[in-house]
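Student: sharing a sequence plus its predicted fold:
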Amino acid sequence: MHTLTCQNIVRKMGDDFTLGPINLEIPAGTITAVIGNNGAGKTTLFEALSGDYPGEGETNIFGHNIHDVEAKAAFSYVPQRFPEVLSFRLQQLRNLHAAHDDSWEDKRFQNFVQEFKLPLRKKISKLSVGMQRKAVIALQLSRDTSLLLLDEPFAGLDMEGQTQLEKILIRKMDDDPDGSIVFATHIADEVQRLADYIVIMKDGKTREPMEKDILAQRFKRIWLAKPVTGVEEVPGIREVSVEGATPQILTSDAEATEKWLAERDVQILKRERLSLHESLPLMLRDRETNEV
Ligand SMILES: Nc1ncnc2c1ncn2[C@@H]1O[C@H](COP(=O)(O)OP(=O)(O)OP(=O)(O)O)[C@@H](O)[C@H]1O
């Protein structure tokens, strides 16, 4: 079962950037991290997925078209920018939701207010950037929905806020095992700790969601017993260096690399997996998006 599907989403932004066509399926019960360099189109994608744009294509949430009431009631969206709430006080927004939003869980909201120490009577525009984001997170996550679309939710949060949000998201998945979370991020630690799947975004296009653990296994650093002619041409090779007298290679396709080395009887002294801190930037480099 999928919580979200989209077909042929296309959105032109000015003369220089086009999102899509995007085809995406988000399985129930998963957390997906959307990663991409600045300007790759993550925010444009989230705006498109939330139905908040004039563009082509179709997005369905739990089988309902994104523009239908049933779909709107089934997801929460924390955008990167939220100009429409800035002139309100949190209390006013809470009152609006409590009066008009069937998905509203007031107890949950009060817990967020305490946990994030949110002032209810101050205009949101007068809060710090991080507190503004916490306020929007509190409002959106107090809605009882099964799909969360979060555009860089950790950006601007202090360390305590990041830890709190991480726990909140894990708790959400525990409480609603058939729900899904899709979040954009630049933070490798959050991908490591939260994501089941990774969607790589580049130049307005996405690759299919890939299982984080399977993807991570492909990136290895390998130490060789002796220099090998032609090692730069090994499938998946990303870097070759020498540590003392020991050649060291970095690959994004460990299986193909090791097969190539085995066929030439090259002895491997040691191998280790790359951390996501090292592998995510490699995934986002030009060559990698075509290969991974
Ligand atoms: N209103 C707009 N008019 C024209 N172009 C736009 C507009 N908004 C965004 N763009 C362009 O769309 C592209 C994608 O921007 P977007 O904000 O979606 O990227 P992003 O991946 O979220 O980047 P970041 O990591 O910096 O937040 C960029 O080239 C940007 O210049």
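Tutor: Arrived safely. Numbering: from 1, shown residues only.
Student: count of neighbours near L194?
Tutor: Number of residues near L194 (other C-beta atoms under 10 Å) recorded here: 21. (Each C-beta comes from the backbone N, C-alpha and C, glycine too.)
Student: against H64, how distant is it?
Tutor: From L194 across to H64, the span is 26 Å (C-beta to C-beta, to the nearest Å).
Student: with K134 instead?
Tutor: K134 sits 30 Å away from H64, going by C-beta to C-beta.
Student: quick one: which of these two has more around it?
Tutor: Using other C-beta under 10 Å as the criterion, K134 and H64 rank with K134 on top: 26 against 15.
Student: residues touching the residue lying closest to the more buried one once chain neighbours are set aside, list them.
Tutor: What sits nearest to K134 in space, not counting adjacent residues and going by C-beta to C-beta, 6 or more residues apart in numbering, is F116, at 4.2 Å. For F116, the contact set (C-beta atoms under 8 Å, 6 or more residues apart in numbering) comprises 131, 134-135, 137-138, 161, 164.
Student: for Q7, see how far away F116 is.
Tutor: Relative to Q7, F116 is positioned 37 Å away (criterion: C-beta to C-beta).
Student: returning to what we had before: and the contacts of F116, which is closest to S252?
Tutor: S252 has its nearest neighbour among the contacts of F116 in G161, at 33.4 Å by C-beta to C-beta.
Student: the ligand contacts on the chain?
Tutor: Where the chain comes near the ligand, counting by C-beta under 6 Å from any ligand atom, the residues are 13-14, 17, 36, 38-44.
Student: domain-wise, how is this structure divided?
Tutor: For the chain, the TED database gives the domain ranges 2-207, 215-284.
Student: by mean pLDDT, show me the worst of those.
Tutor: Of all the domains of the chain, the minimum mean pLDDT falls on domain 215-284 (a mean of 90).
Student: and that domain, how far apart are its ends?
Tutor: 13 Å (C-alpha to C-alpha, to the nearest Å).
Student: CA atoms only: put stretch 114-134 into PDB for me.
Tutor: Taking C-alpha atoms only, stretch 114-134 is exported to PDB below (Å, rounded to 0.1, in the frame of the first residue of the first chain):
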ATOM      1  CA  GLN A 114       4.900  22.800  26.700                       C
ATOM      2  CA  GLU A 115       7.700  20.800  25.100                       C
ATOM      3  CA  PHE A 116       8.800  23.500  22.700                       C
ATOM      4  CA  LYS A 117       8.000  26.300  25.300                       C
ATOM      5  CA  LEU A 118       5.900  28.200  22.700                       C
ATOM      6  CA  PRO A 119       4.400  31.500  23.500                       C
ATOM      7  CA  LEU A 120       0.800  31.500  22.500                       C
ATOM      8  CA  ARG A 121       0.100  35.200  22.500                       C
ATOM      9  CA  LYS A 122       3.000  36.600  20.600                       C
ATOM     10  CA  LYS A 123       2.700  37.200  16.900                       C
ATOM     11  CA  ILE A 124       4.500  34.400  15.000                       C
ATOM     12  CA  SER A 125       6.400  37.000  13.000                       C
ATOM     13  CA  LYS A 126       8.000  38.200  16.300                       C
ATOM     14  CA  LEU A 127       9.400  34.800  17.100                       C
ATOM     15  CA  SER A 128      12.900  33.700  16.200                       C
ATOM     16  CA  VAL A 129      13.300  31.600  13.100                       C
ATOM     17  CA  GLY A 130      13.600  28.400  15.000                       C
ATOM     18  CA  MET A 131      10.600  29.200  17.200                       C
ATOM     19  CA  GLN A 132       8.600  30.000  14.200                       C
ATOM     20  CA  ARG A 133       9.400  26.600  12.800                       C
ATOM     21  CA  LYS A 134       8.500  24.900  16.100                       C
END
